[in-house]
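Enquirer: predicted coordinates and the sequence they were generated for:
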Amino acid sequence: MLDFEYTVMRSSRRSLGITVRDGRVIVRVPMRFSNESLCRFLGEHSDWIQKKLAEQEQSRQRFASVKEYRTVLICGTEKKLLLGAAKNSESTDTVCLKEIAYLRKWLEKNYSSCIEEDVYRLGKKIGVMPEDLQVRDFKAKWGSCDSRGLIKINWRILFLRPPLREYILVHELCHLKFLNHSADFWAEVEQFCPSYRKLRKELKDMAFLTELYR
Ligand SMILES: [Zn+2]
């Protein structure tokens, strides 16, 4: 007996696949795959599925208050968010804003210098420096680097704790040496950010921040 719900998608494929996304389990199987085999297949993977579901539920709950505008993340610190304030201000545990639309302005005014400082510091370490650095808004990525040496960084990295922010900057700076995601590129990233694998995983949980406040 399986204690989770799942959706079965049958197609002309030959292999079996399971995905767990946003708390939903989807099983992809060949057209003529029997129900008995399906149950056995799910049973064999049920530990893995349960683990994924639990992880996703945990991260959904963990950031519920951020998503509901009750709190806001600033450089990885969760602070209380008060909207409708007479003027924008911030203390150690609360951010007061006239409206949510002021959040970007507030963060850029008070924190964007740390992006420039980090890029300069990390660039010196790696031995590269961008031609230009721009702070932008992206819907689905944290940063970009092009062949002219222009690095664009999503202003939303100011929500992230410093090690995560650093990984993003190291990633884009290493693209100044390798404009691809080759093994050489990742070796370079690892040299300057040894825990990048863990950080990349953590960053996936933070992806919702690229869509928030729109
Ligand atoms: Zn990249």
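Expert: Good, I have the coordinates.
Enquirer: just checking, what packs against the lowest-mean-pLDDT helix or strand in the chain?
Expert: Here the helix or strand of the chain ranked lowest by mean pLDDT, DSSP states H and E is helix 46-62, holding a mean of 91. With contacts defined as 3 or more Cβ pairs under 8 Å, 6 or more residues apart in numbering; DSSP states H and E, the packing partners of helix 46-62 are strand 17-21. Every residue, glycine included, has its C-beta placed from N, CA and C.
Enquirer: list the residues that contact the nearest residue to residue 174 once chain neighbours are set aside.
Expert: Closest residue to residue 174 apart from its sequence neighbours, by Cβ to Cβ, 6 or more residues apart in numbering: residue 188 at 4.5 Å. Counting by Cβ atoms under 8 Å, 6 or more residues apart in numbering, residue 188 touches 126, 174, 177, 178.
Enquirer: can you check residue 160 too?
Expert: Per Cβ under 8 Å, 6+ apart, neighbours of residue 160: 73, 75, 76, 168, 203, 206, 209.
Enquirer: repeat for residue 10
Expert: Applying Cβ under 8 Å, 6+ apart, the residues near residue 10 are 28, 29, 30, 31, 33.
Enquirer: sorry, back to before: among the contacts of residue 188, who's most crowded?
Expert: residue 174 (26 neighbours; other Cβ atoms under 10 Å).
Enquirer: any idea how far that residue is from residue 103?
Expert: In this structure, residue 174 and residue 103 are 30 Å apart, going by Cβ to Cβ, to the nearest Å.
Enquirer: how's the chain carved up into domains?
Expert: 7-61, 64-107, 112-210 (automatic domain parsing).
Enquirer: for the longest one, give the mean pLDDT please.
Expert: Per-residue pLDDT over domain 112-210 has a mean of 97.
Enquirer: for that domain, how far is the first residue from the last?
Expert: Distance across domain 112-210, first residue to last, is 17 Å (Cα to Cα, to the nearest Å).
Enquirer: how about the first one?
Expert: Between the opening and closing residues of domain 7-61 we find a distance of 23 Å, counting by Cα to Cα.
Enquirer: that older thread, in CSV: the contacts of residue 188, plus secondary structure.
Expert: Listed next are those as CSV, based on DSSP: H, G, I helix; E, B strand; the rest coil:
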residue, secondary structure
126, helix
174, helix
177, coil
178, coil
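Enquirer: just the strands in this protein please.
Expert: All strands of the chain, identified by DSSP state E, fall at 7-11, 17-21, 24-30, 71-74, 77-83, 89-90, 94-97, 132-136, 143-145, 150-154.
Enquirer: so how far is residue 156 from residue 196?
Expert: Taking Cβ to Cβ, one finds residue 196 at 19 Å from residue 156.
Enquirer: same check on residue 71?
Expert: 16 Å.
Enquirer: neighbour count for these two, which is higher?
Expert: residue 156 (24 against 19).
Enquirer: who touches that one in this structure?
Expert: Neighbour list for residue 156: 137, 138, 142, 209, 210 [criterion: Cβ under 8 Å, 6+ apart].
Enquirer: do the same with residue 155
Expert: So residue 155 contacts 104, 107, 108, 112, 135, 136, 137 (Cβ under 8 Å, 6+ apart).
Enquirer: how deep is the third one tucked in, by neighbour count?
Expert: Spelled out, it's residue 108. That count, for residue 108 with other Cβ under 10 Å as the rule, works out to 14.
Enquirer: thank you kindly, that will do.
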